[in-house]
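Undergrad: 3D, please:
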Amino acid sequence: MSSTSRSGSITTVAALPKVVRARGSYLWDATGKSYIDGSGGPAVYCLGHANAEVNRAICDQLDAIAHGYRYNFTSDALEELTEILRDRLGGSLREMVFVTGGSEAVESCLKIALQYHSARGEKSRRIFISRERSWHGNTLGALGLSGFAERTAAYEGAFIPSVKIPPANAYRPIAGATAETAGAAAAAKLEEAILKAGPENVAAFVFEPVVGAAGGCVPAPPGYAQAVRAICNRYGVLMIADEVMSGAGRCGTWRALAHDGVEPDIMSVAKGLAGGYQPLGAAVCTTRVWAAIRDAYGAFGTGHTFTGHTAACAAGVAVQKIVAREGLLQRVAANGPRFSGWLGEALAGVEAVGDIRGRGHFIAVELVADRVTKQPFDKDLKLFLKIRARAMENGLICYPVGGNVDGESGDIVIFAPPYNASDDELAEIVDKGARSIRQVLVAEGLG
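TA: Got it, this is the predicted structure:
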């Protein structure tokens, strides 16, 4: 048996330990072995585990009503969470649909974009543009946007129309570009793609402001987001920011794209929204996008049985109140340089370390066979899987992923600890992470 998550690769169920309890930054399996959660699972558990305040809020909501069907009722939890997000998002991102996870959030973003263009009488706009080395989710719509061959190949031919352009990566700039010109060069590819498809046919450009699983915590190069915003404005193309993994404070600002000084037309958010205490995500749009939809249709056309699930919204309210009250965004922002610096010190002298990058509590180590050429290791070595296994043996949960270079080759290790992890816990994550990487490289004769 095997299973696939929006953010994870296929894993063999029989090989997994059985988790029985968790508290804070630690989990225990059925044998009593403990693990420190160095990646918040798949960058989800922003407050760690078993937070009493969040659990109480969920139980209180369950005692009152678990789920008031969104198309029959509103609720205090839904309304309070809506206002919290409006405050956190700022600007004109004020209208939203709550869903049950990241893939569903991205899917809803696509539908909002299509409904917007239909409302304006531009039904020819049905093509989406996204990037290679991106991951947007497991529904067919989200899969079709994703540039991750290992996870999409089996479903090719069943996707909505989309065009892929090169990634924006200062460490691995596109041909002819340098680290300094990587952003401008990648943005130019977007304009080329729009013009080739015909602006009148393009609905939206979808991208991760900080690429997660498919690239390994790759921030947008300086100037890239602003250039993309200008291009989208020029051709009437909507900008969709997929912040399922990087948003809700993971990168030190509530909106990851806020770091770049840009507001999208539509955005997705999920993982850190309710911190894994309940399945929750959201698709959010600006008042301009909403006004066109409202005037033509009266309501968003996207929605599901569990849209605005009451207990899930109550969990989101509780999580977001704690994040604000404890100043955790400021802590995450300040920890980013410290955490990546500690990783650099712990891995000093390891020639296979090509790059350490990211923002806040979203940091990745990229391993390479040659630092000068940045050539990845042979994909058949599957170093990322061996590192994941060794880390688990060492009592560390991290998030190694393969294929970040071309969809098949490349090895990265993502660290995304809880926002409230203590300095001692961060140090333990760094120590066990660096030790696991070193041990695998030595065992393979590479270190």
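Undergrad: where exactly do the helices run in the protein?
TA: Using DSSP state H, the helices of the chain run over residues 40-43, 52-64, 76-89, 102-119, 140-145, 149-152, 182-197, 224-235, 271-274, 287-297, 310-325, 328-346, 383-393, 423-443.
Undergrad: and the fourth one, average pLDDT?
TA: Summarised as a single mean, pLDDT over helix 102-119 is 98.
Undergrad: with the longest one instead?
TA: Within the predicted structure, the mean pLDDT of helix 423-443 is 98.
Undergrad: equivalent analysis for stretch 60-67, please.
TA: Averaging pLDDT along stretch 60-67 gives 98.
Undergrad: same question for stretch 268-280.
TA: pLDDT averaged over stretch 268-280 gives 98.
Undergrad: measure that stretch end to end?
TA: Terminal residues of stretch 268-280 lie 11 Å apart, using CA to CA, to the nearest Å.
Undergrad: what about that stretch, distance to the chain center?
TA: In terms of CA atoms, centre = their mean, to the nearest Å, the centre of stretch 268-280 is found 11 Å from the chain centre.
Undergrad: same thing with stretch 252-266?
TA: Its chain's average C-alpha position is 13 Å from that of stretch 252-266, according to CA atoms, centre = their mean.
Undergrad: could I get the helices of the chain as TSV with mean neighbour count and distance to residue 255?
TA: Where C-beta positions appear, they are placed from N, C-alpha and C, glycine not excepted. TSV is the format used below for the helices of the chain (neighbours: other CB atoms under 10 Å; distance: least, CB to CB, whole Å):
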stretch	mean neighbour count	distance to residue 255
helix 40-43	23	16
helix 52-64	15	22
helix 76-89	18	6
helix 102-119	25	14
helix 140-145	23	20
helix 149-152	18	26
helix 182-197	19	19
helix 224-235	18	11
helix 271-274	31	12
helix 287-297	15	16
helix 310-325	24	13
helix 328-346	18	11
helix 383-393	20	29
helix 423-443	19	24
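Undergrad: tell me the domain boundaries of the protein?
TA: Per automatic domain parsing, the domain ranges recorded for the chain read 2-50+327-443, 54-325.
Undergrad: comparing those by mean pLDDT, which bottoms out?
TA: Mean pLDDT is lowest for domain 2-50+327-443 among these, at a mean of 93.
Undergrad: check contacts around residue 81.
TA: For residue 81, the contacting residues are 98, 313, 316, 317, 320, by CB atoms under 8 Å, 6 or more residues apart in numbering.
Undergrad: from residue 320, how far off is it?
TA: Noted for residue 81: a distance of 7 Å to residue 320, by CB to CB, to the nearest Å.
Undergrad: and what of residue 411?
TA: For residue 411 relative to residue 320 (CB to CB), the value is 35 Å.
Undergrad: same question, residue 42
TA: As judged by CB to CB, residue 42 and residue 320 stand 20 Å apart.
Undergrad: residues touching the residue most central in space within the chain, list them.
TA: Nearest to the mean C-alpha position of the chain, by CA atoms, centre = their mean, lies residue 245 at 1.7 Å. Shown in contact with residue 245 (CB under 8 Å, 6+ apart): 7, 42, 43, 102, 208, 210, 212, 213, 271, 362.
Undergrad: JSON lines please, covering the residues you listed and showing distance to residue 172.
TA: Listed next are the contacts of residue 245 as JSON lines, based on distance: CB to CB, whole Å:
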{"residue": "7", "distance to residue 172": "21"}
{"residue": "42", "distance to residue 172": "23"}
{"residue": "43", "distance to residue 172": "21"}
{"residue": "102", "distance to residue 172": "25"}
{"residue": "208", "distance to residue 172": "15"}
{"residue": "210", "distance to residue 172": "15"}
{"residue": "212", "distance to residue 172": "16"}
{"residue": "213", "distance to residue 172": "16"}
{"residue": "271", "distance to residue 172": "25"}
{"residue": "362", "distance to residue 172": "18"}
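Undergrad: nearest to residue 124, of those residues?
TA: residue 208 (26.8 Å; CB to CB).
Undergrad: does that closest one touch residue 240 like I think?
TA: No - using CB atoms under 8 Å, residue 208 makes no contact with residue 240, being 10.2 Å away.
Undergrad: ok, now which ones touch residue 330?
TA: Taking CB under 8 Å, 6+ apart, we find residue 330 in contact with residue 252.
Undergrad: mind checking how far it is from residue 446?
TA: In terms of CB to CB, residue 330 sits 39 Å off from residue 446.
Undergrad: same deal with residue 325?
TA: According to CB to CB, residue 325 and residue 446 sit 46 Å apart.
Undergrad: next one: residue 182
TA: From residue 182 across to residue 446, the span is 28 Å (CB to CB).
Undergrad: quick one, phi psi at residue 221?
TA: phi -60, psi 150 (degrees, to the nearest 10).
Undergrad: could you report the neighbour count for it?
TA: Using other CB atoms under 10 Å, residue 221 has 24 neighbouring residues.
Undergrad: over to residue 223?
TA: By other CB under 10 Å, 15 other residues sit near residue 223.
Undergrad: what's the closest non-adjacent residue to it?
TA: Using CB to CB, 6 or more residues apart in numbering and skipping the chain neighbours, the partner closest in space to residue 223 is residue 183 (4.5 Å).
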